[in-house]
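**Student:** Based on what follows, work out the 3D shape:
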Amino acid sequence: MYSYGIIFAIIAMICWAFGDFFIQKTSRQYGVWTSLFSIVFLGAVVLFPFAIKDIPVVMSSAHLPLLVVFSLATWVVTLVGFKAFQVGKMVVVEPIMSFELPLTVMLGVVILKESLTSVQLVLVGIAFLGVLLTSSKNIFRTKISLEQGVFWAMSATLLMAFVNFTTGLASQSVGAVGAIWFMNVLLTIICGIYFSVTGSWARVIGNIKRHPKESLLVSVFDNGAWLAYSASVVIIPISLAITISEGYIALAMILGVIINKERLSPLQWLGGGASLVAVIVLAFISR
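**Tutor:** Have a look, this model is predicted:
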């Protein structure tokens with residue numbers, strides 16, 4: 001079973017890499033709220049048949065408060081994170097958000113008393129440093145200026161560590177599918193209320209109709225990432241699952257080179273290679 005947890009974490013890594021690409025694309029095409037709605041609405045509908053058996057457990061008084069907190073935290077961090085991608089550059093936003101890795105690991109170790117071997121901790125450190133090198137274009141410059149998206153990215157990073165942690169707790173309590181389905185339903189309701197109050201339903205539906213491919217892909221990859229991550233933390237420690245899945249940042253940079261024809265410096269190639277190798281080795285030795 002442990003190997004399945006590793007596989008799910010790797011799937012989450014791949015889906016998040018493609019998910020970030022389409023999140024930036026859709027957020028710039030038709031805004032943060034519509035991008036969020038296209039993700040959670042489809043997720044709520046498609047996952048419903050698979051979540052039916054979990055609904056009694058999901059709606060129980062023992063688990064409902066945790067699921068509400070997890071869902072609301074996800075809603076806030078999604079809006080903040082999407083805003084960072086909308087106004088900022090990927091090369092600026094990604095390295096800041098990578099700090100969710102050590103924060104999430106710390107929460108798992110301190111609160112849940114999860115333990116990693118010395119070799120695993122070294123690989124976690126290599127993966128984190130590799131992500132920083134991959135995402136940082138001018139890491140050795142002494143003059144630092146705040147670019148657009150930095151404030152939003154820093155806020156999202158702090159919140160994302162909490163979301164990663166509560167995702168693990170919620171998935172372990174009610175199951176991966178039930179937790180993600182509930183989150184999608186609650187966020188769909190929130191988006192519906194927002195669109196009704198602002199009178200923007202026609203614009204939202206029109207934007208999705210004009211960009212059906214992007215709307216579908218962002219939902220598939222984002223929901224796939226959360227489902228895979230949720231499934232992995234049911235089997236393996238949260239600190240290990242987030243380390244493996246966090247390799248998506250390095251993978252996203254490589255996708256940028258292949259799809260968007262972006263250029264990386266030798267240092268960025270070194271960081272990306274080191275991060276991916278560390279993740280692969282970590283997955284192999286953790287079986």
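**Student:** if I look at M154, how far off is M160?
**Tutor:** Per Cβ to Cβ, to the nearest Å, M154 is found 11 Å from M160. Using the backbone N, CA and C atoms, a C-beta is placed for each residue, glycine as well.
**Student:** higher neighbour count, those two?
**Tutor:** Higher neighbour count among M154 and M160: M160, with 24 against 17, using other Cβ atoms under 10 Å.
**Student:** What score does that one have for pLDDT?
**Tutor:** Turning to M160, the model gives it a pLDDT of 82.
**Student:** Pretty sure it sits against E100.
**Tutor:** Yes. M160 is within contact range of E100, at 4.2 Å (criterion: Cβ atoms under 8 Å).
**Student:** what helices or strands is the host helix or strand of K25 leaning on?
**Tutor:** Using DSSP states H and E, K25 falls within helix 2-30. For helix 2-30, the packing partners by 3 or more Cβ pairs under 8 Å, 6 or more residues apart in numbering; DSSP states H and E come out as helix 32-51, helix 64-87, helix 90-97, helix 201-210, helix 212-235, helix 238-245, helix 248-259, helix 266-285.
**Student:** among those, where is the model least confident on average?
**Tutor:** Among those, helix 90-97 scores lowest, at a mean of 63.
**Student:** Excluding its own residues, what touches the helix or strand following that helix? List them.
**Tutor:** Where DSSP H and E defines the elements, the next helix or strand beyond helix 90-97 is helix 100-111. Contact with helix 100-111 is made by 114-116, 124, 127-128, 131, 157-158, 160-162, 164-165, 168, 237-239, 242-243, 246, as judged by Cβ atoms under 8 Å, 6 or more residues apart in numbering.
**Student:** Also stretch 227-238?
**Tutor:** Outside stretch 227-238, the residues within contact range by Cβ under 8 Å, 6+ apart are 1-2, 4-6, 8-9, 11-12, 15, 47, 104, 107-108, 112, 114-116, 164-165, 167-168, 170-172, 175-177, 179-180, 241-242, 244-245, 286.
**Student:** which of those residues are buried?
**Tutor:** 5-6, 8-9, 11-12, 15, 47, 104, 107-108, 114, 116, 164-165, 167-168, 170-172, 175-177, 179-180, 241-242, 244-245, 286 (16 or more other Cβ atoms under 10 Å).
**Student:** Now stretch 22-29: buried residues?
**Tutor:** Across stretch 22-29, burial judged by 16+ other Cβ under 10 Å covers 22-27, 29.
**Student:** would JSON lines of the residues you listed with pLDDT and distance to W226 be doable?
**Tutor:** Converted to JSON lines, the buried residues of stretch 22-29 look like this (pLDDT from 0 to 100; distance: Cβ to Cβ, whole Å):
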{"residue": "F22", "pLDDT": "88", "distance to W226": "14"}
{"residue": "I23", "pLDDT": "86", "distance to W226": "13"}
{"residue": "Q24", "pLDDT": "80", "distance to W226": "18"}
{"residue": "K25", "pLDDT": "85", "distance to W226": "19"}
{"residue": "T26", "pLDDT": "91", "distance to W226": "17"}
{"residue": "S27", "pLDDT": "88", "distance to W226": "18"}
{"residue": "Q29", "pLDDT": "90", "distance to W226": "22"}
